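Participant: sequence and predicted structure are below.
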Amino acid sequence: MTFSAWLGLLAICCLGAMSPGPSLAMVVRHTLSGGRLHGVVCAWAHSIGIGVYALVTLLGLAAVLKASPMIFNAIAVVGALYLAWIGIQSLRSKGGMQQKLAAGKPSRLWEAARDGIAISLFNPKILLFFLALFSQFVLAAQTTVGQGLIVFTPLVVDGLWYTIIAFVLSHASVLPRLREKSQLIDRLSGVVLILLAMRVIYSLL
């Protein structure tokens with residue numbers, strides 16, 4: 001892989017990571033409910049899911065999944081149900097950020113990791129993103145180093161971006177103000193997750 005090709009890959013990874021969506025909502029929720037460490041754990045767990053999709057694309061399995069509607073649709077349905085479940089919990093504040101803060105009990109680290117990796121693995125939009133944009137880079141990655149860059153560039157970019165988000169939100173001058181709006185943020189993240197779940201199901205009809 002040439003340096004210019006890698007720069008193109010890096011640019012696409014940055015744009016993909018920075019686009020707002022349910023991943024951002026999840027990192028925000030865990031940062032506010034548990035603090036900086038929880039946000040960072042959620043961020044890097046999410047990036048592992050991104051790395052898995054990059055590896056799947058490199059191995060050609062993404063095209064196989066897309067060509068197998070039953071398997072792809074099953075993954076999409078499971079993901080949509082999971083997103084909807086988290087969204088409903090957020091709307092009801094059952095186990096959500098607002099309730100945990102009120103009880104003085106932060107979310108657990110394993111919950112942050114679970115939600116981080118699940119929000120990436122169960123989001124079919126991410127699979128389609130890699131399938132649509134990464135094929136050109138896979139063809140250019142003829143060496144082991146190039147193939148490693150295909151996997152680790154999106155993983156590291158995603159992890160670093162959401163780590164920055166977690167650090168900014170957990171700053172001493174920012175976190176208390178955001179926590180005052182925890183119920184509103186819970187509601188908004190719930191709506192985002194439910195809308196995404198509905199969009200996924202609708203796209204399968």
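Facilitator: Yep, that arrived.
Participant: so in the chain, where's the weakest helix or strand by average pLDDT?
Facilitator: Ranking every helix and strand in the chain by mean pLDDT, DSSP states H and E puts helix 97-103 at the bottom, with a mean of 50.
Participant: so what touches whichever helix or strand comes after that helix?
Facilitator: Read in the C-terminal direction, the helix or strand following helix 97-103 is helix 109-121, with elements assigned using DSSP states H and E. Contacts of helix 109-121 from elsewhere in the structure, counted by CB atoms under 8 Å, 6 or more residues apart in numbering, are 22-23, 26-27, 29-30, 34, 37-39, 41-50, 52-53, 79, 82-83, 86, 126. For glycine as for every other residue, the C-beta is placed from the backbone atoms N, C-alpha and C.
Participant: please check these and keep the buried ones.
Facilitator: 22-23, 26-27, 29-30, 34, 38-39, 41-50, 52-53, 79, 82-83, 86, 126 (16 or more other CB atoms under 10 Å).
Participant: inside helices: which ones of those residues?
Facilitator: 22-23, 26-27, 29-30, 34, 38-39, 41-50, 52-53, 79, 82-83, 86, 126 (DSSP state H).
Participant: show the contacting residues for Ile150.
Facilitator: Each residue near Ile150 by CB under 8 Å, 6+ apart is listed here: Met1, Leu9, Ala54, Thr57, Leu58, Phe134, Phe137, Val138, Ala141.
Participant: which one (most neighbours) among these?
Facilitator: Neighbours here are counted as other CB atoms under 10 Å. On that basis the top member of the contacts of Ile150 is Ala54, with 27 neighbours.
Participant: roughly how far does it sit from Trp6?
Facilitator: Counting by CB to CB, to the nearest Å, the separation of Ala54 from Trp6 is 14 Å.
Participant: and what of Ile50?
Facilitator: 17 Å.
Participant: cool, and Asn123?
Facilitator: Plainly put, Asn123 is 25 Å away from Trp6 if you go by CB to CB.
Participant: neighbour count winner among these two?
Facilitator: Taking neighbours as other CB under 10 Å, Asn123 and Trp6 compare with Asn123 leading, 25 against 18.
Participant: where does pLDDT dip in the protein?
Facilitator: Low-confidence segments of the chain, defined by pLDDT under 70: 61-66, 93-107, 133-136, 139-140, 175, 178-179, 181-182.
Participant: longest helix in it, please.
Facilitator: When the chain is parsed with DSSP H, its longest helix is helix 144-169.
Participant: what residues sit buried inside that one?
Facilitator: Taking 16+ other CB under 10 Å as the neighbour-count basis, helix 144-169 is seen to contain the buried residues 146-147, 149-151, 153-159, 161-163, 165-166, 169.
Participant: what angle separates it from helix 109-121?
Facilitator: Between the axes of helix 144-169 and helix 109-121, defined by axes from the mean of the first three to the mean of the last three CA atoms, to 10 degrees, the angle is 120 degrees.
Participant: now helix 144-169: how far from the chain's centre is it?
Facilitator: Between the mean C-alpha point of helix 144-169 and the mean C-alpha point of its chain there is a distance of 12 Å (CA atoms, centre = their mean, to the nearest Å).
Participant: before we move on, what about stretch 161-173?
Facilitator: For stretch 161-173, the distance to the chain centre is 16 Å (CA atoms, centre = their mean).
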